[in-house]
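Undergrad: please find the sequence and the predicted model below.
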Amino acid sequence: MIHRRTVLMTGAALTGALGSAGLLAPAMAEPAQAGELDPTTIPQFEQAMPVPQVLEPVCDLGLTSYYDVAMREADAEILPGRKTRVYTFNGNFPGPVIKATSGRRVLVRQTNRLGVSTSIHLHGAHVPESSDGSPMDLIAPGGGSKIYTYPNNQPHANLWFHDHAHHQESETVYRGLTGFYLLTDDVEKNLNLPSGAYDVPIALRDARFDDSGQLIYSMGDFMKRHVLMANGKAWPYFEVAARKYRFRLFNTANLRFYTLQLSDGSSFQQIGSDGGLLEKPLDVTSVSLSPGERADIVIDFSKYAAGTRLILTNTGGLLPGEPVDQLGRVLQFRVTAPVTDRSTVPSTLRKLPALGSATVSRDFVLSMDETGATMDAFINGKSFDMDRVDTEIEYGATEIWNVRNANLYTPHNFHMHLVQFRVLERNGKPVTSGPESGLKDTVPLQPGETVKLQATFTGYEGTYVYHCHMFDHASMGMMANFRVRKPSLRRG
Ligand code: C2O
Ligand code: CU
């Protein structure tokens, strides 16, 4: 099912990164092929964007909530009037929302009724190794199950869960194995941000279909994935009352970078990123998301007359010659009547935890073969080996990680398990404000870029991964292990 070496490397180059690679561009705008559904024939803004279903616990006992989830195939109506076979959690596409609260434990029993092994990772969470959903910790297909324990001893954050079985996650995530996990706490609850029906998580991604409406998966072919989806629908519309809404945006695409804005150029507020709220809301006209990243935004529709239609547009990842009418549009907002709005976005949202001072500094270089000769990708020159520990970390240490993208054309990003980190610098410039100033677990790196990250490795000992979150790149080897241990154990 997984064809690891079937794609030309050029397929991995992406986004605005191609500024200097104009020569490549004409070959890169790929028209639909025979047997493939022509994306220009798919009607836009015909289906309503659903609000993802909230999963109810099977029981709540004391400080623990228990959930039961089955991974299985199901049919989804992604394209108007057609059925597409997808992978799901509990039949939901995208997966359901688990609502969790800091200080209350969540146990999820995941049962695998698919035909492939899976490992479910809770992205952005601080969890013991045994519940991290590491690439090697597999749940057998055909009914195997595993109970994941999520202590939720971390502040509020927009987390998500997805398959992480090594060499397979790229395809299983593409086929649908993603879900939402919204962790809240008192800090967030006390803010009076838009809530209830006015607080909507949105999973963004792309895909490619054959002419019978089925997903086409081929590793690294992001340039052919010309259908953009929001909450599992191709180019949906979403009705909004003329008031403030909070949208929690998740980039669940394998490879696509988004830069989102409103079609009338209006500004909106960004209030949060991966690891929860920023210290202060930002007035922005766009937000950018690499695969795996999240942005929490508030759009105030009260200035629009009923009947106004606005498009959430995308300028990220568009190559010369690519179809702007498809890749440049995400969803349409349809403004209806005004309603009372008592929500507020205060000028201070939270206080970030103190940074602490680092005692260790390390360098990481991300690269992949851009010649097309191989399908290999590396961190510090090595492809992932699940049995090799690449980075030994002393329990409790605060470290600085300098991460560089050494490629010329291919963007990457960098995700660490276990921790939320801070971005201290980007390309040598301090990051003191803006969307990267909050808690992060995933950062983008355009070709040649560097970031300086700081993290504290405490809470759990164990082996965890760090990797590029462009899943195809991780599958090609751009992943490594770090191990956190107490010094006494290391000597023993
Ligand atoms: Cu969302 Cu290791 O990944
Ligand atoms: Cu990458």
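TA: That came in fine, so what should we check first? Numbers count the residues shown, from 1 in each chain. Ligands and ions are numbered 1, 2, ... in the order given.
Undergrad: from here on, contacts and neighbour counts on C-alpha atoms
TA: Fine.
Undergrad: tell me the secondary structure for the closest residue to ligand 2 within the stretch 101-250 of the chain?
TA: Ranking the residues of the stretch 101-250 of the chain by distance to ligand 2 (CA to the ion) places G220 first, at 10.7 Å. Counting by DSSP: H, G, I helix; E, B strand; the rest coil, the backbone at G220 sits in coil.
Undergrad: that one and S170, how far apart?
TA: 9 Å (CA to CA, to the nearest Å).
Undergrad: likewise S475?
TA: 7 Å.
Undergrad: how many residues are close by the residue of the stretch 101-250 of the chain closest to ligand 2?
TA: For G220, the count of nearby residues is 27 (other CA atoms under 10 Å).
Undergrad: same check on G143?
TA: 15.
Undergrad: right, and it touches R109 too?
TA: No. Assessed by CA atoms under 8 Å, G143 is found out of contact with R109, at 11.7 Å.
Undergrad: which residues of the stretch 151-300 of the chain fall in strands?
TA: For the stretch 151-300 of the chain, applying DSSP state E, counting those that start in this stretch gives strands covering 157-163, 178-184, 199-207, 227-230, 233-234, 237-242, 244-251, 258-262, 268-273, 276-284, 287-289, 294-300.
Undergrad: most packed of those?
TA: Ranked by mean neighbour count, the strands of the stretch 151-300 of the chain are led by strand 233-234 with a mean of 28 (mean count of other CA atoms under 10 Å).
Undergrad: and it, what other elements does it pack with?
TA: Packed against strand 233-234 by the contact rule (3 or more CA pairs under 8 Å, 6 or more residues apart in numbering; DSSP states H and E) you find no helix or strand.
Undergrad: okay, now D38: neighbour count?
TA: Residues near D38, counting by other CA under 10 Å: 17.
Undergrad: over to it: give its phi and psi.
TA: phi -70, psi 110 (degrees, to the nearest 10).
Undergrad: who's A48 bridged to?
TA: With DSSP bridges as the criterion, A48 is bridged to Y237.
Undergrad: isn't it right next to W235, touching?
TA: No. Checked against CA under 8 Å, the pair A48 and W235 is beyond contact range at 9.0 Å.
Undergrad: between the two, who's got more neighbours?
TA: Neighbours of A48 and W235, each counted by other CA under 10 Å, are more numerous for W235; the result is 30 against 18.
Undergrad: pLDDT value on that one, please?
TA: The pLDDT attached to W235 in the predicted structure is 98.
Undergrad: domains of the protein?
TA: 4-44+193-338, 59-186, 360-489 (automatic domain parsing).
Undergrad: reformat those as JSON lines; add distance to Q53.
TA: As requested, those are exported to JSON lines (distance: least, CA to CA, whole Å):
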{"stretch": "domain 4-44+193-338", "distance to Q53": "10"}
{"stretch": "domain 59-186", "distance to Q53": "5"}
{"stretch": "domain 360-489", "distance to Q53": "25"}
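Undergrad: what's the least confident stretch among the ones you listed?
TA: When the domains of the chain are ranked by mean pLDDT, domain 4-44+193-338 comes last with a mean of 87.
Undergrad: excluding sequence neighbours, find me the nearest residue to L228.
TA: D206 (4.4 Å; CA to CA, 6 or more residues apart in numbering).
Undergrad: please name the residues that touch the one you found.
TA: By CA atoms under 8 Å, 6 or more residues apart in numbering, the residues touching D206 are R225, H226, V227, L228, M229, A253, R256.
Undergrad: does the third one have beta-bridge partners, and which?
TA: Using DSSP bridges, the bridge partners assigned to V227 are A207.
Undergrad: against which helices or strands is the lengthiest strand in the chain packed?
TA: Using DSSP state E, we find that the single longest strand of the chain is strand 64-76. Helices and strands touching strand 64-76, as assessed by 3+ CA pairs under 8 Å, 6+ apart, comprise strand 59-61, strand 84-89, strand 105-112.
Undergrad: run the chain-centre distance for the last one.
TA: Yep, that's strand 105-112 we're talking about. Put simply, strand 105-112 sits 20 Å off its chain's centre (CA atoms, centre = their mean, to the nearest Å).
Undergrad: ok so, going back, can I get the strands of the stretch 151-300 of the chain in TSV with distance to ligand 2?
TA: Compiled in TSV, the strands of the stretch 151-300 of the chain are given as follows (distance: least, CA to the ion, whole Å):
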stretch	distance to ligand 2
strand 157-163	18
strand 178-184	19
strand 199-207	17
strand 227-230	21
strand 233-234	26
strand 237-242	31
strand 244-251	15
strand 258-262	15
strand 268-273	20
strand 276-284	24
strand 287-289	14
strand 294-300	17
